[in-house]
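In: predicted structure and sequence below. I'll ask about it afterward.
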Amino acid sequence: MLNRLVIVGGGTAGWMTASYFKAAFGDRIDITLVESGNVGAVGVGEATFSDIRHFFEFLGLKEKDWMPACNATYKLAVRFENWREKGHSFYHPFEQMRSVNGFPLTDWWLREGPTDRFDRDCFVMPSIIDAGLSPRNLDGTLIDQPFVEGADEMQGLTMSEHQGKTQFPYAYQFEAALLAKYLTKYSVERGVTHITDDVQKVNLDERGWISGVTTAEHGDITGDLFVDCTGFRALLMNKALEVPFVSYADTLPNDSAVALQVPQDMKARGILPCTTATAQDAGWIWTIPLMGRIGTGYVYAKDYLSPEEAERTLREFVGPAAADAEANHIRMRIGRSENSWVNNCVAIGLSSGFVEPLESTGIFFIHHAIEQLAKNFPDDSWNPVQRKLYNDSIAHVMDGVREFLVLHYVAAKRDDTQYWRDAKTRRIPDGLAERIETWKTQLPDTETVFPYYHGLPPYSYMCILLGMGGIELKPSPALALSDPGLAQREFAAIRDKTRRLTETLPKAYDYFAAQH
Ligand SMILES: Cc1cc2nc3c(=O)[nH]c(=O)nc-3n(C[C@H](O)[C@H](O)[C@H](O)COP(=O)(O)OP(=O)(O)OC[C@H]3O[C@@H](n4cnc5c(N)ncnc54)[C@H](O)[C@@H]3O)c2cc1C
Ligand SMILES: N[C@@H](Cc1c[nH]c2cc(Cl)ccc12)C(=O)O
C-alpha cells in the first residue's frame with residue numbers, strides 16, 4: 001500500500017501539508033518531514049483568503065486554539081491606496097455582492113450611485129473597517145451577513161465546491177513563523193516524524209523517480225510520495241527532476257521585496273482590520289496589523305528600483321518605529337512549475353509557484369494544492385489521470401490569479417512614473433484583453449471571467465475595475481428602462497445596516513485583547 005509520505009521543507013507549506021494529511025489519514029499514513037536547520041523559511045506570508053478557515057476546521061482547530069498563538073488578527077478586505085491617484089483609496093472586501101432585479105448592485109451604482117465611493121455604497125464592510133471594528137461581538141457572535149456560520153460546511157470538502165454559494169466575511173493575518181511552529185506541534189503530537197537536517201542529494205531510480213533523499217546526518221530517507229516544500233529552491237522538482245519553470249516575468253515584473261517587522265503598541269495605534277496595499281513609484285507597500293507588531297514590505301521591480309532605494313522608501317513610509325527593525329531582502333521567483341506533480345514528486349508552496357503577494361494568494365495556493373492532492377491521492381497503480389487532474393487544477397489556479405493581478409496594473413489609473421506607464425503597454429496574458437473589452441460593456445460575471453476555478457469570484461473583479469479607475473465602465477443599457485426604486489432601497493438598507501453595526505460592534509483591538 002502506498003502510504004509513506006516524505007516532505008522536504010518545514011515552512012508554511014511543509015507544515016500545512018504534514019498536519020493536513022495527518023488529520024485526513026491518521027495512522028494509516030506514515031509522514032516524515034525533514035527541514036534544514038541552516039536554510040530559513042521565507043516567513044513573511046501573513047495575510048490569507050477567508051477560505052483558510054476550512055483548513056483549520058479540517059484540523060479540528062478553533063480560532064481560540066490557534067489565533068492567540070500566532071498573534072493573529074482579522075482581515076476584512078484589502079485596502080488599495082493611491083492606485084488610482086494619490087489620496088484615493090478603496091476596498092476589496094470579503095462580502096457577497098448584492099443584486100437587484102438580476103443586476104449586481106455595482107451596475108446600479110454605475111447608473112446612479114449615491115456617492116462617488118462604490119465600495120461604501122455597495123458593501124457594509126468598508127465603513128466597519130474605517131471605524132477599526134471587529135466583525136464579531138465580544139461574545140463571539142458574528143455580524144449578520146448573508147452568511148450563516150456553519151451552513152456551508154456540508155457542501156463539500158474543497159474550496160471550489162464552496163465558491164459562489166456564500167461569502168465568509170473575513171480572512172486572517174498572522175505570523176507565518178508562529179503558525180509553522182504551531183502546526184509542528186500539532187503534527188508531531190499526531191505521529192509525524194520530524195527530522196532537522198540538510199537534504200544534500202535527491203536519489204533517482206532508473207525510471208527517474210525519486211527513491212530517497214540523502215541527509216547530512218540522518219542518512220537516506222526513503223518513501224513512496226515525496227513532497228517538495230523547499231521554497232524558491234525547488235530542490236526536488238526543479239533541481240533533481242529538472243521540471244521546467246514557466247516564468248510570469250513578462251506580465252508581472254515585480255521580482256523583489258524588502259520586509260520589516262515593526263513592533264507597535266497596537267492598543268494605542270488601534271487595528272485597521274485589513275491588509276493595506278499602498279502604491280509607490282515602482283511597486284507597492286503592504287501593511288499588515290498583527291497583535292504586537294505590524295508587518296510591512298515594499299514589493300518592487302528591480303528593473304525600476306534598487307534594493308537600497310526600496311528599503312529607504314519603506315523606512316520613510318513606516319517612520320521612526322522602523323529604526324531598529326532589520327530589513328529582510330527577498331528575491332521572488334514569479335511563475336509556476338510547468339507541472340507540479342511529476343512521477344512520485346509533488347511540489348507545494350513556493351517550489352510549485354508564486355505570484356507577488358498583492359492579493360495574499362501564497363497560502364491559498366498551498367491550501368488548494370493540499371486539497372487537490374488529498375482528493376487525487378494515488379495508490380500503487382499511479383494512475384496518470386490523477387496526476388493530470390492535479391496538474392491542470394494547479395495550473396488553472398495560478399494562471400487565473402496571475403490574470404487577476406495583471407488586471408490591477410492595467411486598470412490602475414495612475415501613470416505618474418515610468419513604472420506605471422509601462423504597466424499599460426506591457427504584454428498581458430492571452431484572453432485578458434478580450435475579457436477587458438467585454439467588461440467595458442458588462443461588469444464581470446461567471447460567464448466572462450477566467451473560465452476555470454482560481455479562487456476569485458466575479459465580484460472581486462468588479463471591485464478592482466471600479467476601484468482602480470483607469471478603465472471606463474458603463475451601466476447596462478437595460479437599467480435606463482428599469483425602476484431604480486429597489487436599488488435605492490438596497491443602498492439605503494446598506495446605510496442603515498452600516499450605522500447599526502458601527503454603533504454596536506467592538507473595536508478590533510478590544511476583541512483580540514479579550515481573546516488573548
Ligand atoms: C515577499 C513575500 C510576501 C508574501 N506574503 C504573503 C501573504 O501575505 N500571504 C500569503 O498567503 N502568502 C504570502 N507569501 C507567500 C508565503 O510566504 C509562502 O507561500 C509560504 O511562506 C510558503 O513558503 P514555503 O513553505 O513554500 O517555503 P519557505 O518558507 O521558503 O520554506 C522552505 C523550507 O525548505 C527548507 N529547505 C530548503 N532547502 C532545504 C534542504 N536542502 N534540506 C532541508 N530543508 C530545506 C527550509 O529550511 C524551509 O523550512 C509571501 C511571499 C513573499 C516572498
Ligand atoms: N474565495 C476567496 C475569494 C475572495 C472573495 N472575496 C475576497 C476578498 C479578498 Cl480581499 C480576497 C479574496 C476574496 C475567499 O473567500 O477568501
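Out: Looks like it arrived, so ask away. Ligands and ions are numbered 1, 2, ... in the order given.

In: correct me, but Q264 touches T296?
Out: No - the pair Q264 / T296 is not scored as a contact, 10.3 Å apart, by C-beta atoms under 8 Å. (C-beta placed from N, C-alpha, C; glycine too.)

In: just give the number of residues close to F232.
Out: With neighbours defined by other C-beta atoms under 10 Å, the count for F232 comes to 14.

In: that one contacts L350, correct?
Out: Yes - the pair F232 and L350 qualifies as a contact (C-beta under 8 Å) at a distance of 5.0 Å.

In: okay, and the common contacts of those two?
Out: Here F232 and L350 share the contacting residues 42, 333, scored by C-beta atoms under 8 Å, 6 or more residues apart in numbering.

In: which residues of the chain lie near ligand 1?
Out: Applying C-beta under 6 Å from any ligand atom, one finds that the chain approaches ligand 1 through 8-14, 34-36, 39, 41-48, 176, 198-199, 229-231, 233, 235, 257, 259, 297, 330, 332, 349-351, 357, 360, 362-363, 366.

In: doesn't F90 fall inside a strand?
Out: Yes - according to DSSP: H, G, I helix; E, B strand; the rest coil, F90 belongs to a strand.

In: ok, E359 - contacts?
Out: 78, 92, 401, 404-405, 456.

In: scan the residues you listed and report the most crowded one.
Out: That'd be H92 among the contacts of E359, by other C-beta under 10 Å, with 27 neighbours.

In: how near is it to ligand 2?
Out: Look at H92 and ligand 2: by C-beta to the nearest ligand atom, to the nearest Å, they are 4 Å apart.

In: now swap in H194 and tell me
Out: If you measure H194 against ligand 2 using C-beta to the nearest ligand atom, the figure is 30 Å.

In: for that residue, pull up the helix or strand it's in.
Out: strand 193-196 (DSSP states H and E).

In: packing partners for that strand?
Out: Where contact means 3 or more C-beta pairs under 8 Å, 6 or more residues apart in numbering; DSSP states H and E, strand 193-196 is packed against strand 30-35, helix 176-189.

In: hmm, try it at 6 Å
Out: Contacts defined by 3 or more C-beta pairs under 6 Å, 6 or more residues apart in numbering; DSSP states H and E place strand 193-196 against strand 30-35.

In: contacts for the helix or strand following the strand it packs on?
Out: Using DSSP H and E, the helix or strand that follows strand 30-35 in sequence is helix 52-58. Contact with helix 52-58 is made by 23, 367, as judged by C-beta atoms under 6 Å, 6 or more residues apart in numbering.

In: what's the following helix or strand after helix 52-58?
Out: Once the chain leaves helix 52-58, the next helix or strand it forms, by DSSP H and E, is helix 63-66.

In: export that following helix as CSV, just CAs?
Out: Extracted in CSV, the C-alpha atoms of helix 63-66 (Å, rounded to 0.1, in the frame of the first residue of the first chain):
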residue,chain,number,x,y,z
GLU,A,63,-9.9,30.3,16.4
LYS,A,64,-9.3,30.4,20.1
ASP,A,65,-6.8,27.5,19.8
TRP,A,66,-4.5,28.9,17.1
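
In: how far off centre is that helix?
Out: Its chain's C-alpha centre lies 20 Å from the corresponding centre of helix 63-66 when counted by C-alpha atoms, centre = their mean, to the nearest Å.

In: quick check: mean pLDDT of the following helix or strand past it?
Out: Next along the chain after helix 63-66, taking DSSP H and E as the criterion, comes strand 73-75. Mean pLDDT, computed over strand 73-75, is 98.

In: what does stretch 85-102 give?
Out: Mean predicted lDDT for stretch 85-102 stands at 96.

In: buried ones in that stretch?
Out: The neighbour-count check on stretch 85-102 (16 or more other C-beta atoms under 10 Å) flags 88-98, 100 as buried.

In: tell me who's in contact with H92.
Out: Contact analysis of H92 by C-beta under 6 Å, 6+ apart lists 77-78, 463.

In: near ligand 2, from these?
Out: 77-78.

In: separate out the buried members of the residues of the chain next to ligand 1.
Out: For those, buried by 16+ other C-beta under 10 Å: 8-14, 34-36, 41-48, 176, 199, 229-231, 233, 235, 257, 259, 297, 330, 332, 349-351, 357, 360, 362-363, 366.

In: ok, Y298 - contacts?
Out: 258, 285, 310, 314.

In: so what sits opposite it in the bridge?
Out: Using DSSP bridges, the bridge partners assigned to Y298 are V258, I285.

In: which pLDDT value goes with it?
Out: Note for Y298: predicted pLDDT of 98.

In: point out where the chain drops to low pLDDT.
Out: 145-157, 162, 164 (pLDDT under 70).

In: so for it, the centremost residue is which one?
Out: For the chain, the residue nearest the mean C-alpha position is T361 (2.3 Å; C-alpha atoms, centre = their mean).

In: now the longest helix along the chain: buried residues?
Out: Ranked by number of residues, the top helix in the chain under DSSP state H is helix 384-411. By neighbour count on 16+ other C-beta under 10 Å, the buried set for helix 384-411 is 386-387, 390-391, 393-411.

In: in stretch 261-269, what's buried?
Out: Of the residues in stretch 261-269, 261-262, 264, 266 count as buried by neighbour count, 16+ other C-beta under 10 Å.

In: tally of neighbours for I143?
Out: 20.

In: meant to ask about D220
Out: Neighbourhood size, D220 [other C-beta under 10 Å]: 11.

In: tell me where the stretch 101-250 of the chain has strands.
Out: In the stretch 101-250 of the chain, the segments counted as strands under DSSP state E, counting those that start in this stretch are 103-104, 171-173, 193-196, 199-204, 210-215, 220-222, 225-228, 245-247.

In: in its sheet, what does the first one sit against?
Out: Translated: strand 103-104. For strand 103-104, pairing defined by DSSP bridges yields strand 99-100 (antiparallel).

In: now do the fourth one
Out: Using DSSP bridges, the strands paired with strand 199-204 in its sheet are strand 210-215 (antiparallel).
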